[in-house]
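> Structure for this input, please:
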Amino acid sequence: PATTYLDYMRNGDRRSYQGLWADRRHRLIDLVLAECVEGEGRFLDPITNGLWAILEESSWVYPAHIFMQRAGSDLPDITEPVVDLGVGETAALVSWVDYLLGPELDSVSKMTRRRLAHEVQTRILEPCLDRADFWWMAWDTQGHPINNWNPWIVANWLSSALLIEKDPELRARHVEKAQRVLDIFINSYPADGGCDEGPSYWGRAGASMFEALDWMYGASEGRISIFDDPLIAKMGRYILTAHIGNEWYMKFADASPRPTVDGALVYRYGRATGDEELAAYGAWLWQRHQAGPPPNLGSIGRIVPDLFLATELAGQTASDPLPADGWLPDLQLMTARDTAGSTEGLYVTAKGGHNDESHNHNDVGSFIAYLDGLPLIIDVGPEYYTAKTFSDQRYEIWTMRSGWHNTPLINGAEQAAGRNFAATAVTHSANDAAATLQLDLTEAYPAEAKIESWQRTIALHRGDALRITENFTLSSATAPNQYHYVTNRPADASTPGVVRI
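Just a heads-up that it's a prediction; the model follows:
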């Protein structure tokens, strides 16, 4: 209903519409895969119905993103198609349906595919080719960070163009422009390959970039390839570095601690870049998921390759390396565990960085700790996204503030938001005995904190303890300093001077 689309504008609710949006598409994917497997035609009518319902939607844009139209946040203006994540995902889905079941759809009605091709052209292909002012293209970011929108949309734009566009010259123009857009994303990435949005966003950042590169590689019979570039390899390996153990991943900012990571895609990424350890980790992820309910991978463009790789993946030697140490110098992100290859004992991940990262929380100097593979000191993450989440009111939300992270409250002051509020004098060291991150938090706090210097040291002494040391000088003391540690476990403070978790 129109009023459900307006929920976001009226009360900030993203889920009421997006839940219905996703449910319709997931049902279509299930029906399409069922027909591909069975091939008897009994799902073709409901597939046509589902497809037609999607084609009849006035817009495929999420309500939270309709601000991109010149009319602003309102019901969609059908005379001005804009391209967001929802448009990219939907265009790729219906393009795949055409590719997989085209002749079968014609047996129900020859108009379905004609309508489908028209909608893909007008909703994504023509706008992407004709316009250069969408912020995610990153020629004019309009104040947005260059983030996962860029490769996520580019991968879906490419797949739609290669599956639907019949004119070879236009196909080549789409590929060429998509390359230029994707180049901006790749060139914006830190040399360490780290994803400042976190592991759950890597699935639509580095992983979507790989999909786009893989489309170009396949369509050009291998002539378009940058898989030998060291940065591309590091962007893939990030997801291995971010793994804590079992289903858990390090999480800062808006990331989830238990994201669904597509093992088959990780395997393909490792094989493409020649990283056999990453490929073995992808096989481990895939084999692990076979023991439980199938993960919701969302996009049919990921499910289909996974199905065709199943036999190969089942026969692979799989491994989860669990490296003893990780260090991403550009993100200023450390990981360390007591023993390589094991979740037993202590694990810590800690960060420096600045307070204007993509999906930023004010969390410079924060850390997360696990014990025997389970959370101990945690980052609570975000609330469900609302209109407030990505507005100028973001830091009114408690989950975004440093006071709800594992950071100190200094003279009653929390950290402030902005690129200038950052860690300085950051050093990292690791050996068999210990892993240490040392950083100065002075610049992460506003002037009212009255800090002359504040050095925090986060040190994992392997097999012994995790020690957090604060060494500081204040120009004056106006309120007691507080040291915040957030845990998901019961805490006992009955003994003076001791908190036992």
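
> what about this structure, any weak spots by pLDDT?
292-297 (pLDDT under 70).

> Spatially central residue for it, please.
With distances taken as CA atoms, centre = their mean, Tyr201 lies nearest the centre of the chain, 0.7 Å away.

> quick check, that one in a helix?
Yes. Under DSSP: H, G, I helix; E, B strand; the rest coil, Tyr201 falls within a helix.

> so it makes contact with Ser256?
No. Counting by CB atoms under 8 Å, Tyr201 sits too far from Ser256 to count as a contact (9.0 Å). (Glycine included, C-beta is placed from N, CA and C.)

> any idea how far the residue nearest to the centre of the chain is from Asn360?
Per CB to CB, to the nearest Å, Tyr201 is found 12 Å from Asn360.

> With Ser159 instead?
Going from Ser159 to Asn360 by CB to CB gives 31 Å.

> Could you do Ala387 as well?
18 Å.

> More neighbours: the two, which one.
The residue with more neighbours, out of Ala387 and Asn360, is Asn360; 24 against 18, by other CB atoms under 10 Å.

> quick one, what contacts that one?
Contacts were defined as CB atoms under 8 Å, 6 or more residues apart in numbering; by that measure Asn360 touches 253, 400, 417.

> Is it correct that Arg123 is in contact with Glu89?
No. Look at Arg123 against Glu89 with CB under 8 Å: they stay out of range, at 11.6 Å.

> can you list residues touching both of those two?
Common neighbours of Arg123 and Glu89 (criterion: CB under 8 Å, 6+ apart): Trp60.

> could you pull out the strands for the stretch 301-450 of the chain?
Applying DSSP state E, counting those that start in this stretch to the stretch 301-450 of the chain gives strands spanning 325-328, 333-337, 346-351, 354-355, 367-371, 374-377, 408-409, 418-422, 424-430, 434-440.

> Can I get the ones you listed in a markdown table including mean neighbour count and distance to Leu474?
Shown next, in a markdown table, are these (neighbours: other CB atoms under 10 Å; distance: least, CB to CB, whole Å):
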| stretch | mean neighbour count | distance to Leu474 |
| --- | --- | --- |
| strand 325-328 | 20 | 30 |
| strand 333-337 | 25 | 26 |
| strand 346-351 | 26 | 23 |
| strand 354-355 | 21 | 21 |
| strand 367-371 | 22 | 22 |
| strand 374-377 | 18 | 25 |
| strand 408-409 | 20 | 11 |
| strand 418-422 | 15 | 18 |
| strand 424-430 | 15 | 17 |
| strand 434-440 | 22 | 14 |
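
> would CSV of these with distance to Tyr269 be doable?
Shown next, in CSV, are those (distance: least, CB to CB, whole Å):
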stretch, distance to Tyr269
strand 325-328, 18
strand 333-337, 20
strand 346-351, 22
strand 354-355, 28
strand 367-371, 25
strand 374-377, 27
strand 408-409, 39
strand 418-422, 31
strand 424-430, 26
strand 434-440, 27
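
> Tyr483 is nearest to which of those strands?
strand 408-409 (5.4 Å; CB to CB).

> Would you list the strands that the closest one pairs with, along with their directions?
Take DSSP bridges as the rule and strand 408-409 pairs in its sheet with strand 482-483 (antiparallel).

> Please enumerate the helices of the stretch 101-250 of the chain.
Secondary structure of the stretch 101-250 of the chain by DSSP state H, counting those that start in this stretch: the helices cover 111-120, 126-130, 149-164, 168-188, 199-202, 206-219, 230-241.

> Could you save those helices as a markdown table and add columns showing distance to Val261?
Output for the helices of the stretch 101-250 of the chain, formatted as a markdown table (distance: least, CB to CB, whole Å):
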| stretch | distance to Val261 |
| --- | --- |
| helix 111-120 | 29 |
| helix 126-130 | 28 |
| helix 149-164 | 16 |
| helix 168-188 | 20 |
| helix 199-202 | 7 |
| helix 206-219 | 8 |
| helix 230-241 | 6 |
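
> Please identify the most buried of those helices.
Among those, the stretch with the highest mean neighbour count (mean count of other CB atoms under 10 Å) is helix 149-164, at a mean of 26.

> how distant is that helix from the center of its chain?
In this view, helix 149-164 has its centroid 17 Å away from the chain centroid, taken as CA atoms, centre = their mean, to the nearest Å.

> what does stretch 258-273 give?
Distance, stretch centre to chain centre, for stretch 258-273: 14 Å (CA atoms, centre = their mean).

> Just the buried residues of that stretch, please?
Counting neighbours by 16 or more other CB atoms under 10 Å, one finds that the buried residues in stretch 258-273 are 259, 261-270, 272-273.

> And stretch 55-73, by the same measure?
Buried residues in stretch 55-73, counted by 16+ other CB under 10 Å: 55, 57, 59-66, 68-69.
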